[in-house]
Each structure stands twice: as C-alpha cells, then as structure tokens.
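Trainee: from the sequence below, what's the structure:
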Amino acid sequence: MNLELIEALRLLEKERGLDVEVIFESIEEALVSAYKREFDIRTADRREEDEEEDSDDITASVDRETGEMRVYQTMTVVDEVTDLHSQLSLADAKALSDELDLGDQLMREVDPADFGRLAAQTAKSVINQRLAQAEKERIHNEFSGRVGELSAGVVQRKDRREVTVDIGRAEAVLPNNEQSRLDGYNFNQRMKFYIMKVDERRNRPVIIVSRSHPNLVRRLFEQEIPEISSGVVEIVNISREAGSRTKIAVASSDPNVDSVGACVGQRGLRVQAIIDELNGEKIDIIEWDPDPVMYISNALNPAKAIRVEINEDDQSATVVVPDHQLSLAIGREGQNARLAARLTGWKIDIKSEAQYREMIESELMSRFDQALAEDEEVWQDDSESAFDENEEYLSDEFEDDFPEDTEGVEEDDTEEPDVDISEAIQDEEDDTEELDVAISETIKDEEDATEEQ
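Mentor: Numbers count the residues shown, from 1 in each chain. Okay, the predicted model is just below:
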C-alpha cells in the first residue's frame with residue numbers, strides 16, 4: 001500500500017509539476033494535524049496557553065523509499081499526571097528505564113492506523129491546502145517570468161464569459177474581451193495564446209491569456225520568421241483589430257535583406273502560416289520609412305497615395321488618392337485609415353483628387369478675396385496719405401506767394417500795382433487808336449480803287 005502511495009506521489013509530481021519533497025512535507029504536516037485532532041483532549045483554554053509550546057511536541061516522518069509513516073509524541077516525566085497524552089508518571093518511566101527521572105523527556109510512537117475518520121479528514125484537508133499553496137507558488141514562479149510570451153494550449157471548456165485552457169501543468173483563462181471572433185474555441189482544439197499576466201481569483205493563481213492582443217501577432221512573426229528572431233528585420237509597430245485586419249511595419253538593418261519579402265516568404269508561405277494560426281485574419285505588411293510622408297503612404301496599402309501633406313505641429317497629414325481608390329483607402333467603416341493612423345501615430349485625413357481640387361480652389365479664392373480686400377485698404381490708405389503729403393507740399397511751396405500775415409507792409413508797396421495798371425491801360429488805349437486809324441486808311445484806299453474802275 002505504501003509503495004502505491006510513493007508511485008502516486010511520483011505521478012502527481014510529474015503531472016502538476018510539484019516537487020515530491022514538498023508533497024512529503026505536506027503529508028507529514030497532515031499527520032501531525034490529524035494526531036492533534038484525534039487525541040488532543042486538553043481544554044480550549046489550555047490549548048491557547050500551550051499553543052507555541054506544543055508546536056514541537058508532536059512530529060511525523062514519512063520514509064521516502066518505502067512510504068512508511070511514523071508519528072511521535074514527546075512525553076515528559078512528572079510526579080502527578082494531568083495529561084495522559086503528553087505526560088508520563090515516574091513509576092511508568094522507571095519501568096521503561098531506571099535512568100529516567102522527573103523532568104526527563106522521551107518519544108512515544110503513535111500508529112497512524114489508530115486515527116479515526118475525523119482525523120483522516122483533517123489530514124486530507126491539510127494535504128490539499130498544502131498542495132494548493134505549493135502549486136500557487138509554482139505557478140507564480142514559473143509563469144510570472146513568461147508574461148509577454150506565447151504558450152501552446154488546449155481548449156478545455158467554454159462558457160459565455162470565458163474559455164478555460166490547459167497550457168501545460170496549469171490552467172489559463174481566456175476572458176471574453178480577449179477573444180477573436182474568428183476563433184471557434186472547440187473542445188480539445190489546440191491553439192497558441194499570449195500570456196498577459198498572472199492574477200489571483202478565490203485565493204488561487206489564475207493565468208490570463210489573450211488571442212486578440214497585438215503582441216500575439218508579434219510573437220507569431222518572431223517564431224515564424226528567422227530574420228526577425230535574429231534581429232536582421234525589426235518589427236517597428238503593429239496595429240490590430242482582432243478577427244478582421246492587422247497592419248505591421250517592418251524595417252531591415254541589412255540593405256541586402258528585403259524586410260517585406262522576408263516576412264512574406266516564398267509564395268507567401270511564411271505569412272500564410274501566421275494567417276492560418278489566426279484563422280484567416282488579414283495581414284498587411286508594410287515597409288517602415290524614416291520619412292513620415294513615405295511611411296504614411298505605405299501605411300495606406302493597398303491604396304496608392306498621390307500626394308501627402310504633413311503638419312508636424314499637430315502631427316496631422318492630408319493624403320490625396322485617386323478618385324476610384326477613395327473607398328479602398330478609407331476601408332470598410334474606416335478600418336484601413338484607422339489602422340494606418342494607429343500604426344504611424346499621425347492623424348490622417350484622406351481626400352480624393354476631386355475633393356482636393358475643390359479644396360485648393362476654395363482656398364485660392366479665399367486668398368484672392370482676402371488679397372483684394374487688403375489691396376483696397378492699402379490703396380485708400382495710400383491715397384489719403386498722398387493727398388495729405390501733396391497738400392502739405394503746396395502749402396509749403398506757395399506760402400511766400402500767398403502770405404497770410406500782411407501786417408507791417410508799407411503803403412508804397414501796396415500802391416505800386418495801381419501805377420502799373422494805369423500805364424497798361426494808357427498803352428492799350430493808344431494801341432486802339434492806332435488800330436482805328438489803320439483800319440480807316442484801308443477802307444479809304446479800297447473806295448478809291450473802286451471809283452477808278
């Protein structure tokens with residue numbers, strides 16, 4: 001029977017990953033608890049007083065080879081016995097050995113077969129509790145260091161809230177919000193899962209895994225593409241909508257290695273293996289570029305960008321695509337544009353050629369109207385300024401000819417123009433008389449000529 005126990009313990013060690021020594025220690029603790037449950041008849045008050053002292057009174061051992069169990073009770077030689085299970089009278093001690101005296105201690109062996117049903121239940125409970133604690137420590141030690149890695153698992157059961165998965169020597173939980181709509185999660189289905197964290201539920205460790213995390217795709221590429229695992233090709237960024245589409249940007253540190261071609265593989269075999277693992281989820285592999293214009297243009301694949309205008313102040317970009325590719329660039333419900341924006345980190349506004357032309361024409365007309373308004377305002381300002389300058393010039397130029405202050409001018413100066421005017425009038429009168437004489441003479445000559453004829 002004990003040999004069968006040893007075999008069962010070895011099997012438990014293999015299946016649950018527990019150290020067999022921990023299991024033996026658990027059984028020994030259970031035997032001590034069972035003995036106390038079966039034979040401890042002390043009052044509650046005394047148990048509280050002697051709790052620390054009693055901790056070493058009872059010991060148990062299990063043979064690691066044969067599985068034989070032994071329990072020992074420490075007995076103290078006293079003059080008057082008050083506890084039959086921990087004290088021995090001097091007379092009884094002398095019967096065992098003449099060398100024993102008051103205050104001496106000796107070990108008394110107890111047969112575990114004498115334990116009753118309650119003691120057996122106590123032993124079982126202690127063993128389960130100790131094994132659960134050991135398994136909790138093992139899971140924390142093993143899987144806390146594997147957070148962020150992939151683990152192959154087998155689906156055990158599924159309900160509306162979560163999926164339970166066996167990932168080898170431990171059970172993991174796949175929450176509903178970490179599932180992909182393309183996965184069926186059928187019983188006994190083998191899949192790969194991304195380990196997110198080790199949590200605790202009902203005082204038991206719980207491993208949380210995911211099938212929708214973007215890093216699941218990253219780890220799959222690292223496993224499938226040797227150039228990525230060796231560091232020649234680097235995954236710069238990933239944007240994903242699980243169960244629908246994923247965009248991944250890659251770059252090569254070796255100019256002789258095509259980063260996109262290495263990920264796609266010959267005839268697409270490499271990327272197809274990853275697509276199969278994701279149950280048909282579409283994957284766009286684009287080449288990363290340090291130039292944001294080229295990077296944004298590549299991110300909108302499969303649409304082809306004609307023009308990309310960026311604004312570094314607010315990290316936004318306007319992308320112009322052919323009219324017939326506008327819906328392709330935006331994607332169903334904006335998915336392609338949304339994934340490209342997440343991948344590049346830029347706000348992307350997509351316009352067709354016609355929309356962009358209308359926007360440019362509208363902007364030019366707005367600028368033209370603004371320029372006209374500014375020119376008219378400048379012209380008015382210039383005219384008023386020129387008029388003010390001309391008026392000031394005229395005032396300065398003819399100030400001497402039109403003096404405003406006539407005070408102090410001598411009378412002789414003001415009378416001189418009258419003398420000049422009288423002389424002019426006399427001259428004109430003399431000229432007029434001479435003209436009249438000349439005309440009279442001419443008329444007389446004409447009349448004489450007529451008479452002669």
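
Trainee: quick check, G280 in a helix?
Mentor: No: G280 sits outside any helix when classified using DSSP: H, G, I helix; E, B strand; the rest coil, being coil.

Trainee: next secondary structure element downstream of the lowest-mean-pLDDT helix or strand in the chain?
Mentor: Using mean pLDDT, DSSP states H and E, helix 44-49 stands out as the lowest-scoring helix or strand of the chain, at a mean of 42. Note on helix 44-49: by DSSP states H and E, the next helix or strand toward the C-terminus is strand 58-62.

Trainee: which residues does that next one contact?
Mentor: Applying Cβ atoms under 8 Å, 6 or more residues apart in numbering, the contact partners of strand 58-62 are 24, 27-29, 31-32, 35-36, 68-74. For the C-beta atoms, the positions are set from N, CA and C on the backbone; glycine is no exception.

Trainee: what is the nearest of those to V260?
Mentor: Among the contacts of strand 58-62, F24 lies closest to V260 (Cβ to Cβ), at 57.4 Å.

Trainee: please tell me how far the closest one sits from D57.
Mentor: For F24, the distance to D57 equals 21 Å [Cβ to Cβ, to the nearest Å].

Trainee: over to S253?
Mentor: From S253 over to D57 (counting by Cβ to Cβ), the distance is 69 Å.

Trainee: same deal with K94?
Mentor: 22 Å.

Trainee: which of the two has more neighbours?
Mentor: Neighbours were counted for K94 and for D57 using other Cβ atoms under 10 Å; D57 has more, 18 against 13.

Trainee: any stretches of the stretch 251-400 of the chain with poor pLDDT?
Mentor: 375-400 (pLDDT under 70).

Trainee: what segments of the stretch 51-200 of the chain are strands?
Mentor: Taking DSSP state E, counting those that start in this stretch as the test, the strands found in the stretch 51-200 of the chain are 58-62, 69-78, 87-89, 105-110, 150-158, 162-166, 171-175, 190-201.

Trainee: and these as a markdown table, adding distance to A123?
Mentor: Formatted as a markdown table, the strands of the stretch 51-200 of the chain follow (distance: least, Cβ to Cβ, whole Å):
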| stretch | distance to A123 |
| --- | --- |
| strand 58-62 | 10 |
| strand 69-78 | 10 |
| strand 87-89 | 25 |
| strand 105-110 | 13 |
| strand 150-158 | 30 |
| strand 162-166 | 29 |
| strand 171-175 | 26 |
| strand 190-201 | 27 |
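
Trainee: how about these, which one is nearest D314?
Mentor: Using Cβ to Cβ, these put strand 190-201 closest to D314, at 33.6 Å.

Trainee: okay, the angle between the closest one and strand 162-166?
Mentor: 110 degrees (axes from the mean of the first three to the mean of the last three Cα atoms, to 10 degrees).

Trainee: what's in contact with strand 190-201?
Mentor: 139-140, 143-144, 146-155, 165, 167, 172, 174, 178, 183, 185, 205-211, 213, 215-216, 219-220, 277.

Trainee: kindly give a single PyMOL line that selects the buried subset of the residues you listed.
Mentor: Here is the PyMOL selection string for the buried members of the contacts of strand 190-201, based on 16 or more other Cβ atoms under 10 Å:
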select buried, resi 139+143+150+151+153+155+165+167+172+174+178+183+185+205+207+208+209+210+211+213+215+216+219+220+277
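
Trainee: centroid residue for this structure?
Mentor: R342 (9.1 Å; Cα atoms, centre = their mean).

Trainee: give me the element that one is part of.
Mentor: Assigned by DSSP H and E, R342 falls in helix 335-344.

Trainee: give me the helices and strands touching that helix, please.
Mentor: Using 3 or more Cβ pairs under 8 Å, 6 or more residues apart in numbering; DSSP states H and E as the contact test, the elements touching helix 335-344 are strand 233-241, strand 245-252, helix 292-299, helix 326-330, strand 347-352.

Trainee: quick one: distance of that helix to the chain centre.
Mentor: Relative to its chain's centre, helix 335-344 lies at 13 Å (Cα atoms, centre = their mean, to the nearest Å).

Trainee: could you do stretch 363-378 as well?
Mentor: Worked out by Cα atoms, centre = their mean, stretch 363-378 lies 45 Å from the chain centre.

Trainee: nearest spatial neighbour of E353, skipping sequence neighbours?
Mentor: D323 (5.4 Å; Cβ to Cβ, 6 or more residues apart in numbering).

Trainee: and the one you found, how far from R201?
Mentor: 55 Å.

Trainee: next one: E287
Mentor: The value you get for E287 to R201, if Cβ to Cβ is used, is 44 Å.

Trainee: between those two, which one's more packed in?
Mentor: Set side by side, E287 and R201 show more neighbours around E287, with 19 against 9, by other Cβ under 10 Å.

Trainee: tell me the contacts of the more buried one?
Mentor: For E287, the contact set (Cβ under 8 Å, 6+ apart) comprises A249, V250, A251, S259, V260, N298.

Trainee: just the buried residues of these.
Mentor: The buried subset of these (16+ other Cβ under 10 Å) comprises A249, V250, S259, V260, N298.

Trainee: which one of those residues is nearest R64?
Mentor: R64 has its nearest neighbour among those in V250, at 54.8 Å by Cβ to Cβ.

Trainee: which residue, other than its chain neighbours, is closest to that closest one?
Mentor: For V250, the spatially nearest residue (Cβ to Cβ, 6+ apart) is S259, at 4.3 Å.

Trainee: surely that neighbour is in contact with V233?
Mentor: Yes: applying Cβ atoms under 8 Å, one finds S259 in contact with V233, separated by 4.8 Å.
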